[in-house]
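Novice: generate coordinates for the sequence data below:
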Amino acid sequence: MKITQLFKIYWPDNGGGIAKVMESIADVLPEYEHEIVVCQDSRKKKGTDDRYHGVAVHRCRQLFSLASTPVSLRFLEEVKKCTRDSDIVIYHFPYPMADLAVLLGIYSGRLVVWWHCGFEKYRKLAFLYRPLVRHTLNKADCILVSSKGNLKNTAILRGYREKCRVIPFCVSEECLRRGSAHAAGLDQQRVSRHAGQKRQVHILFIGRLVWYKGCDILLKAFAKMQYKNCRLVIVGSGPLEQKLKNLAASLKLVDVEFAGMVSEHEKMRQIGQCDFLVLPSVSRAEAFAVVQLEAMAFGKPVVNTALKSGVPYVSVDGVTGKTVRPGSIQELSAAMDELAEDEQLRRRYGANALQVVQMKYTQEQMTKRYRKVFQELAPGMQDLPRQGGNYYGTDRRG
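Specialist: Reported below is the predicted structural model:
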């Protein structure tokens, strides 16, 4: 079976959570052939064909960018070429160029739409984009969502429920291994701590510094905390980085560190050092946030927001952390105060968090879900040769 994935950007360019999902599909299904078609992250770069972690990646030159969308005629050409012998084509929504490829009918294979989020960032052009989206959903053989919350709260998907399948994201085996080992060592660390000794509480944010992440709300909430023996570390970069640094300076926040982009190893180290993670997102553009799972795998509580997406379904209020109203500085500050002041509460939420990840969000479970969906769409295709869109014989050739 061959799987071709389509999106606008991929590693090592800044691909974010969607790129991580794309990578995970190739990781959990190594017996399948994989190709990825994306655009270059800058119009100054020429198109290239390379391999990233063993997967063929076709990076198409873009002509220009419109509403955060790289426009590329080469992308359409590569979609047609790369999907000629594809069994499954996975379009990671939203990327209007991929919708255009569907409209033009230039792809081959069963179409899977991975619905990561709505198209709020195209809201000014929504009246033009919505018909294109509906056409794509009509053509889709299957629609994947990461949470029942995304399915429940996305109006445009309600007419396509029979096509929808829920496949939650997972943590990597390495993250779960390191996290479980870290969590197992926490009790010994606490025993060795002197009675009554108070240490600085470390609060962590990880993510791109973009509008929907709500980092301005986080900084203002941190400034209002009553519990002052705290340090906030912000890991990530993005277009709002300097603006957020200026805001931190204007709020006279001295215990805030902007760590920038870090390696996967350093990210896990930061998670291990923190006492809890904060995800202050303010828009449904935050559809799931795998970073919640990564923190939970280390036995860390999460403070998130009650978005109409999958976010509050991942870390549950009162079970694995606290959930507050999006955009509420007061509620976010109070939740951080509560966790900062109460180590026993952090321990209880953290233990629950690790257990939830081990039960529901492992790579093994996600692999089984993908295999089930793809085999339903293309039963026996890995044993049959492809020729002109039909299947003949008993061996797969070329």
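Novice: could you dump stretch 150-161 to CSV, C-alpha only?
Specialist: Taking only C-alpha atoms (Å, rounded to 0.1, in the frame of the first residue of the first chain), the coordinates of stretch 150-161 have been written out as CSV:
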residue,chain,number,x,y,z
ASN,A,150,-14.0,18.4,17.2
LEU,A,151,-16.8,16.4,15.5
LYS,A,152,-19.4,17.6,18.0
ASN,A,153,-18.5,21.3,17.7
THR,A,154,-17.8,21.6,13.9
ALA,A,155,-21.0,22.5,12.1
ILE,A,156,-19.8,21.8,8.6
LEU,A,157,-18.9,18.2,9.6
ARG,A,158,-22.4,17.4,10.8
GLY,A,159,-23.6,16.5,7.4
TYR,A,160,-20.7,14.1,6.9
ARG,A,161,-20.9,12.1,10.2
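Novice: touching it from outside, list them.
Specialist: Contacts of stretch 150-161 with the rest of the structure, by C-beta atoms under 8 Å, 6 or more residues apart in numbering, involve 115, 117-118, 130, 133-134, 137, 140, 143, 145, 164, 166, 284, 287-288, 308-310. (Glycine included, C-beta is placed from N, CA and C.)
Novice: show me which of those residues are buried.
Specialist: Among the contacts of stretch 150-161, those buried by neighbour count (16 or more other C-beta atoms under 10 Å) are 115, 117-118, 133, 137, 140, 143, 145, 164, 284, 287-288, 309-310.
Novice: quick one: least confident helix or strand in this protein?
Specialist: Ranked by mean pLDDT, DSSP states H and E, the helix or strand of the chain with the weakest confidence is strand 390-391, at a mean of 30.
Novice: ramachandran coordinates for Asp255?
Specialist: In terms of degrees, to the nearest 10, the main-chain angles of Asp255 are phi -100, psi 50.
Novice: ok, Tyr160 next?
Specialist: phi -130, psi 20.
Novice: tell me how far it lies from Leu137.
Specialist: From Tyr160 over to Leu137 the distance is 5 Å, taken as C-beta to C-beta, to the nearest Å.
Novice: ok, now Ala98?
Specialist: 13 Å.
Novice: now swap in Leu76 and tell me
Specialist: Separation of Leu76 from Leu137 (C-beta to C-beta): 20 Å.
Novice: common neighbours of Tyr160 and Leu137, please.
Specialist: Common neighbours of Tyr160 and Leu137, using C-beta under 8 Å, 6+ apart, are Ile143.
Novice: element containing Pro70, please.
Specialist: Per DSSP states H and E: Pro70 is located in strand 69-71.
Novice: that strand: partners in the sheet, and parallel or antiparallel?
Specialist: Sheet pairing here is set by DSSP bridges, and for strand 69-71 it gives strand 64-66 (antiparallel).
Novice: ok, and what's touching the strand it pairs with?
Specialist: Against strand 64-66 from outside (C-beta under 8 Å, 6+ apart): 43, 71.
Novice: in helices, which of the buried ones among the contacts of stretch 150-161 fall?
Specialist: For the buried ones among the contacts of stretch 150-161, the ones inside helices are 133, 137, with DSSP state H as the criterion.
Novice: of the buried ones among the contacts of stretch 150-161, which is the nearest to Val89?
Specialist: When the buried ones among the contacts of stretch 150-161 are compared for distance to Val89, the smallest value, 9.9 Å, is given by Ala140; criterion: C-beta to C-beta.
Novice: where does the stretch 51-200 of the chain have low pLDDT?
Specialist: Applying pLDDT under 70 to the predicted model, the residue ranges of the stretch 51-200 of the chain that meet it are 120-122, 186-197.
Novice: which parts of it are strands?
Specialist: 55-60, 64-66, 69-71, 88-93, 110-115, 142-145, 164-166 (DSSP state E, counting those that start in this stretch).
Novice: turn these into a markdown table, including distance to Cys230.
Specialist: What follows is the strands of the stretch 51-200 of the chain, written out as a markdown table (distance: least, C-beta to C-beta, whole Å):
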| stretch | distance to Cys230 |
| --- | --- |
| strand 55-60 | 41 |
| strand 64-66 | 39 |
| strand 69-71 | 39 |
| strand 88-93 | 37 |
| strand 110-115 | 37 |
| strand 142-145 | 36 |
| strand 164-166 | 36 |
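Novice: looking at these, which is buried most?
Specialist: Mean neighbour counts were taken over these using mean count of other C-beta atoms under 10 Å, and the top value, a mean of 26, falls to strand 88-93.
Novice: output the contacting helices and strands for it.
Specialist: Using 3 or more C-beta pairs under 8 Å, 6 or more residues apart in numbering; DSSP states H and E, the elements in contact with strand 88-93 are strand 2-6, helix 16-28, helix 96-104, strand 110-115, helix 126-139.
Novice: how about the ones you listed in TSV, adding distance to Gln375?
Specialist: Formatted as TSV, those follow (distance: least, C-beta to C-beta, whole Å):
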stretch	distance to Gln375
strand 2-6	12
helix 16-28	14
helix 96-104	23
strand 110-115	11
helix 126-139	21
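Novice: of all the ones you listed, which one is nearest Val278?
Specialist: Among the helices and strands packed on strand 88-93, if distance is taken as C-beta to C-beta, the winner is helix 16-28, at 16.7 Å.
Novice: just the buried residues of that closest one, please?
Specialist: 16-19, 21-28.
Novice: Leu63 contacts Arg43, correct?
Specialist: Yes - checked against C-beta atoms under 8 Å, the pair Leu63 and Arg43 is within contact range at 6.6 Å.
Novice: now do the end-to-end distance for stretch 354-370.
Specialist: 23 Å (C-alpha to C-alpha, to the nearest Å).
Novice: how about that stretch: buried residues?
Specialist: Buried positions in stretch 354-370, judged by neighbour count with 16+ other C-beta under 10 Å: 354, 356-357, 361-363, 366-367, 369-370.
Novice: what comes into contact with that stretch?
Specialist: When contacts are taken as C-beta under 8 Å, 6+ apart, the neighbours of stretch 354-370 outside the stretch itself are 24-25, 27-29, 165, 167-173, 176, 179-180, 183, 293, 296-299, 316, 319-320.
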